[in-house]
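Visitor: Predicted model and sequence follow; I will ask about them next.
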Amino acid sequence: DIDVETRSIPLWEVMDPQTEFVTTLVHKDSNHLGGFFQAFIGVMPKHPVMKRYLELFVEYYEGKVEVKGPLGVYFLRMAYDEVII
């Protein structure tokens, strides 16, 4: 999203150049705490989290995964948890 900004934090100065995956947590007042806000995602090419994220959408539309809530928020966190943790 182009309407997402940092709060006076120079992003490129605080992020390590070797960072492979970056996103943001949902707002503290969200009903989906712990989820990732998919409006801001930065990844290296062919990152396994993004591959799994897209696979989860396919599985959802094939009826293999059920989610009650914002798909992007839940699936990005699920993909991260499955691949990274």
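Guide: Perfect, thanks for sending it.
Visitor: correct me, but residue 76 touches residue 36?
Guide: Yes - between residue 76 and residue 36 there is a contact at 4.2 Å, judged by C-beta atoms under 8 Å. (Each C-beta comes from the backbone N, C-alpha and C, glycine too.)
Visitor: overlap in contacts of the two?
Guide: Residues touching both residue 76 and residue 36 (C-beta atoms under 8 Å, 6 or more residues apart in numbering) are residue 23.
Visitor: Residue for residue, what is the longest strand the chain has?
Guide: Among the segments of the chain that qualify as a strand by DSSP state E, the longest is strand 36-43.
Visitor: After the helix or strand bottoming out on mean pLDDT in the chain, heading C-terminal, what element do we hit next?
Guide: When each helix and strand of the chain is scored by mean pLDDT, DSSP states H and E, helix 11-14 comes last, with a mean of 78. Per DSSP states H and E, the first helix or strand lying C-terminal to helix 11-14 is strand 21-25.
Visitor: same for that next one, what does it pack against?
Guide: Helices and strands touching strand 21-25, as assessed by 3 or more C-beta pairs under 8 Å, 6 or more residues apart in numbering; DSSP states H and E, comprise strand 36-43, helix 71-83.
Visitor: Turn these into JSON lines, including mean pLDDT.
Guide: Formatted as JSON lines, these follow (pLDDT from 0 to 100):
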{"stretch": "strand 36-43", "mean pLDDT": "87"}
{"stretch": "helix 71-83", "mean pLDDT": "94"}
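Visitor: Can you list the low-confidence ranges for the protein?
Guide: Along the chain, segments meeting pLDDT under 70 span 1-7.
Visitor: 80 instead?
Guide: Low-confidence segments of the chain (pLDDT under 80): 1-13, 85.
Visitor: quick one on the thing from earlier: in TSV: the helices and strands packed on strand 21-25, plus mean neighbour count and distance to residue 29.
Guide: Listed next are these as TSV, based on neighbours: other C-beta atoms under 10 Å; distance: least, C-beta to C-beta, whole Å:
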stretch	mean neighbour count	distance to residue 29
strand 36-43	17	12
helix 71-83	18	14
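Visitor: Minimum distance to residue 59: which of those has it?
Guide: Nearest of the helices and strands packed on strand 21-25 to residue 59, taken as C-beta to C-beta: helix 71-83 at 9.2 Å.
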